[in-house]
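>>> this one's sequence-less:
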């Protein structure tokens, strides 16, 4: 197995072959203790990440190069006593970098220990707002007021309690039928620990995470921001709708190991006959909406840890009638916004009334848990 030094040397040779002579020169100076060179190398790698298509052969190498530059910056910042800048650099390496040096990034973060941001006590007002958010909306009648008219007039998804893996495969997985599995994650530490904002602040408050800001990912106003987990938690109870932030489809548990320890992978992920391909987390405030879309994988498992979520499913057989977006970036997303289901809209020259879909094979369900904020985990298993 290659050592860390051997991996770095091989990476620099590959970057040289990609024409990254300036990066290699700066990286070598950074390794010798030059902070300005380290920052320059990181900037060069960042520009490459945002200029070259990801499909190009050298794209993976430049992601690893970015991680290497982040390691150099973090090491020099930490040596100068700037733990906050060092931790942010390491988090950026995990978020944007490749996998070659991930273990080194994790080790460097562990070496920094808990910082001042994690040690600062949470204000009483923040704790109160968080607890009020948890207590809000436990009544199902209140939840239903938030949904579109006649949202639950369609077919309900079957609900089963802790069935065996064999029964899950036989009765649902092979016949591609949705099912709600209840009582399967009650043992997770996350089910209790994540109710406590002080706990979340203590283990992840000073970590940098990517969030989406906007009504939903398909809106034209959508933007991406990099903020600390503490800042994100503050926005979750904010009343500023223009500043609505959601942590969506991010491999949070690979980045923040302490949160990973609060969950476990359900055995139902074995149904695909392969290894776990992705493990994503969603944290979102009250009012977060995901547009109607289809996922690239057919064998998703969603775990609702806390909060509530309204889920609406349509069979693949009527995909054309759901009008996929012609834009390549949104080709998996419908042009129809179902939150106002009885309003006619124009798609091109075609007027389409949402009510025409009500007779289709629709599945609908309200998942009601404990608090206002949604905390959802998605497991995706790859078949061999």
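Arrived safely, thanks for sending. Because the structure is predicted, anything quoted here is derived from the model rather than measured. Residues are numbered from 1 along each chain as shown.

>>> Quick check: closest non-adjacent residue to residue 227.
Among residues not flanking residue 227 along the chain, residue 211 sits closest, at 6.1 Å (C-beta to C-beta, 6 or more residues apart in numbering). Quick note: C-beta positions are derived from backbone N, CA and C, even for glycine.

>>> Sorry, slip of the keys, the one I care about is residue 325.
The spatially closest residue to residue 325, leaving aside those adjacent along the chain, is residue 333, at 5.0 Å (C-beta to C-beta, 6+ apart).

>>> Give me the phi and psi for the one you found.
The phi and psi values for residue 333, taken as degrees, to the nearest 10, are phi -120, psi 140.

>>> ok, it - how many residues close by?
Neighbour count of residue 333, defined by other C-beta atoms under 10 Å: 20.

>>> which residues does it contact?
217-218, 291-293, 324-325 (C-beta atoms under 8 Å, 6 or more residues apart in numbering).

>>> Could you report the separation of it from residue 59?
25 Å (C-beta to C-beta, to the nearest Å).

>>> for residue 9, same thing?
Distance, residue 9 to residue 59, using C-beta to C-beta: 21 Å.

>>> do the same with residue 254
20 Å.

>>> higher neighbour count, these two?
More crowded of residue 254 and residue 59, by other C-beta under 10 Å: residue 254, with 18 against 15.

>>> Show me the strands in this protein, by range?
With DSSP state E, the ranges of strands along the chain come out as 155-156, 159-161, 180-182, 208-213, 223-228, 245-250, 276-284, 300-306, 308-313, 344-347, 350-353, 363-368, 374-381.

>>> Run through the stretch 201-350 of the chain and note the low-pLDDT ranges.
239-242, 298-299, 338-350 (pLDDT under 70).

>>> Let's see that with 50 instead.
341-350 (pLDDT under 50).

>>> these two touch, right, residue 45 and residue 65?
Yes. At 4.6 Å, residue 45 and residue 65 qualify as touching, with contact defined as C-beta atoms under 8 Å.

>>> quick one, domains of this protein?
According to automatic domain parsing, the chain comprises the domains 4-113, 140-381.

>>> Can you add distance to residue 126 and give these back as a markdown table?
Formatted as a markdown table, the domains of the chain follow (distance: least, C-beta to C-beta, whole Å):
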| stretch | distance to residue 126 |
| --- | --- |
| domain 4-113 | 20 |
| domain 140-381 | 7 |
